[in-house]
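*Asks:* Fold the following, please.
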Amino acid sequence: MGEKEKDVKQMFRNFGMDVITKKYNVLQCFPKAKNPSVAEVLRDDGSVSREFREDGNATAKILPAFNAWSKSGTVEGEPVYANYGRREDYELLKTKGIDLKDKIAIVRYGKIYRGDKAKFAKQNEMAGVIMYMDAKDYAPKDVPKMPDGPALPKSGIQRGTLKDGMGDPSTYLYPSTKYAYHDSEEEYTARLPGIVVMPTNYENALPLLQNMAGDEVEADWQGGVGEDVPKYTYGPGFKAESKDMKKLRITVNLEYKMVEIENIFGVIKGQQEPDRWVMMGNHRDTWVHGSVDATTGLATLNEIGHGLSGLQKQGWKPRRTIVLASWGAEEQGLIGSTEFVEDYMTLLQEKMVAYINVDVAASDQEKFTPAATPNFRPLLEKAAKKASAPLNDDYDNLHSQWKAITLRDYPKLTSPKIKALGSGSDYAALLNMAGVSCIDLTITGPYYTYHTEYDNYDYLSKYADPGMKATKAVSEVAAMVLFELAVEKLVPLNASSYSNYVSDAISSSSLEKDLKRKRH
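*Replies:* This next block holds a predicted model:
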């Protein structure tokens, strides 16, 4: 058991909660400590002219940067700049007559999920991918870099998973319990990206980009900031005058290990309906320091636990059972929460009233961007009207801030925007597999240090959420939503809001016309 696990259990006990744990033996992916991954630039004769590797920082307990579930191995090829690595980016390269087969894509993070960047490269028969955080996206002009401002220094590297799907890839659609059968390496690797991928920083990517051959890219493909940034070119290969640069070689050394993970639950048993559960959760694993992702969510869990503890000391009991969940192994593919759902699917479908997710509570103080199943709208708006506004000089409460910024950014809308839930955090299995009503709460904005070593307390306290105002606001909303779901005699989830949403979605698509056509 690690220190984090001990701390979370003690935190729940301090709140007067019963502590329940559930362990799973899951497959995870890690860099090999003695043989780190490396990217090399080769001369004509195959000798190495330069290399860049990520050795991490053993003193600070920082692992070498890696993309989880990349294929291990060594590949060589000419570089091709593929913008954001979207499907349309690869299609544009092909229209320009660039043969992508066996090339190495250099792509910048952003716009789409990093796993799709790898998948689309694989579909185009490319040999490998190098991903980097371009200054245009993560260090815009006139935004000072850390530690003098929030922008990402050139040395920042984004980590992250590449895997499609949720949970342990070696126990597809069933839980990784103690005696579970795990697929062979041949079987589970067939579900993984199957291409060599290495992350690097802008400092390492820039010499590659400025020495590439080919035509200059279109305006929206150009990255970098400042007059000294070279014009990006498509490739393939390096310029003829770059004599020490002929090809790229990437070596990725990762290993798959069986690891015991633990989901930890703090429970307050309901008085009238103990077999109906209202759950709120957050994951405790992080790529590096993770002050924004996901420690702001843990801070929310902690504050709500304190509040519930105070009520219990006064003799209060909820109508329904309240569960605070601390999930394990989210970052490598929502593993802890998915295994739990696979393990208790029928029970969750019968007993779970709703789930509240707080992953990144606050990466900025401006935009409240909740995502939820539509039945949450009336309850969420009611709670937001009682919550404080992070921008409290301009707005009376979170709801007024939320509505004003929605109407500014989406002039056609008449009410505050609630996003549709996707698959980016621990609500995914509860929603998509068990059919539980879910909500994800966050206040967002520019998040330049995402999944890097610069997502630390200085970044959070000085730039992302000074004074913790946004984290406080999200905590207030989450507390009020949790409380009402746990105590109201009639569960305050609105079926009419759900039906209206579905009706509007059908009428705004071609589905309604298709259905009418089939009837006739």
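*Asks:* Dead centre of the protein: give me the residue that sits there.
*Replies:* Central residue of the chain (C-alpha atoms, centre = their mean): Gly424, 5.3 Å from the mean position.
*Asks:* Now do the same contact list for that residue.
*Replies:* Taking C-beta atoms under 8 Å, 6 or more residues apart in numbering, we find Gly424 in contact with Asp359. Yep, even glycine has a C-beta here, placed from its N, CA and C like the rest.
*Asks:* try the one 3 residues further on
*Replies:* Contacts for Tyr427 were tallied using C-beta under 8 Å, 6+ apart; they are 337, 355, 357, 421, 438-440.
*Asks:* And Lys141, by the same measure?
*Replies:* Counting by C-beta under 8 Å, 6+ apart, Lys141 touches 225-226.
*Asks:* which residues sit in contact with the closest residue to Ser309 other than its chain neighbours?
*Replies:* Using C-beta to C-beta, 6 or more residues apart in numbering and skipping residues adjacent in sequence, the residue nearest Ser309 is Phe15, 4.1 Å away. Residues near Phe15 by C-beta under 8 Å, 6+ apart: 266, 305-306, 308-309, 312.
*Asks:* Kindly provide the distance from the nearest residue to Tyr202 once chain neighbours are set aside to Val38.
*Replies:* Using C-beta to C-beta, 6+ apart and skipping the chain neighbours, the partner closest in space to Tyr202 is Lys154 (4.6 Å). Counting by C-beta to C-beta, to the nearest Å, the separation of Lys154 from Val38 is 19 Å.
*Asks:* what do you get for Ala505?
*Replies:* Relative to Val38, and taking C-beta to C-beta, Ala505 is found at 48 Å.
*Asks:* Of those two, which one has the most company?
*Replies:* More crowded of Ala505 and Val38, by other C-beta atoms under 10 Å: Val38, with 18 against 13.
*Asks:* Just give the nearest non-adjacent residue to the more buried one, would you?
*Replies:* Nearest non-adjacent residue to Val38, counting by C-beta to C-beta, 6+ apart: Arg53, 4.1 Å away.
*Asks:* these two touch, right, the one you found and Asn35?
*Replies:* No: applying C-beta atoms under 8 Å as the test, Arg53 and Asn35 come out as separate, 10.2 Å apart.
*Asks:* what about these two, which has more around it?
*Replies:* Comparing Arg53 with Asn35 by other C-beta under 10 Å, the one with more neighbours is Arg53, at 16 against 10.
*Asks:* where along the stretch 401-520 of the chain do the strands fall?
*Replies:* 438-440, 443-444 (DSSP state E, counting those that start in this stretch).
*Asks:* Pick the most deeply packed of the ones you listed.
*Replies:* Highest mean neighbour count among the strands of the stretch 401-520 of the chain (mean count of other C-beta atoms under 10 Å): strand 438-440, with a mean of 25.
*Asks:* Let me see the mean pLDDT of that one.
*Replies:* Mean per-residue pLDDT for strand 438-440: 98.
*Asks:* Can you tell me which helices and strands it packs against?
*Replies:* Packing partners of strand 438-440 (3 or more C-beta pairs under 8 Å, 6 or more residues apart in numbering; DSSP states H and E): strand 352-357, strand 371-372, helix 427-432.
*Asks:* outside of it, which residues touch it?
*Replies:* Under C-beta under 8 Å, 6+ apart, the answer for strand 438-440 is 354-359, 370-373, 376, 380, 421, 425, 427, 430-431, 481.
*Asks:* again, only this time at 7 Å
*Replies:* 354-357, 359, 370-373, 376, 380, 421, 425, 427, 430-431, 481 (C-beta atoms under 7 Å, 6 or more residues apart in numbering).
*Asks:* just the strands in the stretch 251-400 of the chain please.
*Replies:* Along the stretch 251-400 of the chain, counting by DSSP E, counting those that start in this stretch, strands occupy 254-268, 273-283, 320-327, 352-357, 367-368, 371-372.
*Asks:* Now tabulate these in a markdown table and tack on distance to Glu342 and mean pLDDT.
*Replies:* Formatted as a markdown table, the strands of the stretch 251-400 of the chain follow (distance: least, C-beta to C-beta, whole Å; pLDDT from 0 to 100):
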| stretch | distance to Glu342 | mean pLDDT |
| --- | --- | --- |
| strand 254-268 | 12 | 97 |
| strand 273-283 | 16 | 98 |
| strand 320-327 | 14 | 98 |
| strand 352-357 | 14 | 98 |
| strand 367-368 | 32 | 98 |
| strand 371-372 | 23 | 98 |
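*Asks:* Pull out the buried positions in stretch 38-45.
*Replies:* 38-42 (16 or more other C-beta atoms under 10 Å).
*Asks:* ok, Lys103 to Ser503 distance?
*Replies:* Counting by C-beta to C-beta - Lys103 and Ser503 are separated by 48 Å.
*Asks:* lowest-pLDDT helix or strand in the protein?
*Replies:* helix 511-519 (a mean of 62; mean pLDDT, DSSP states H and E).
*Asks:* just checking, Thr369 touches Tyr447?
*Replies:* No: taking contacts as C-beta atoms under 7 Å, Thr369 lies outside contact range of Tyr447: 11.7 Å.
*Asks:* ok, Ile98 - contacts?
*Replies:* Counted by C-beta under 7 Å, 6+ apart, Ile98 has contacts 80, 234, 236.
*Asks:* Could you identify which of those has the most neighbours?
*Replies:* Val80 (25 neighbours).
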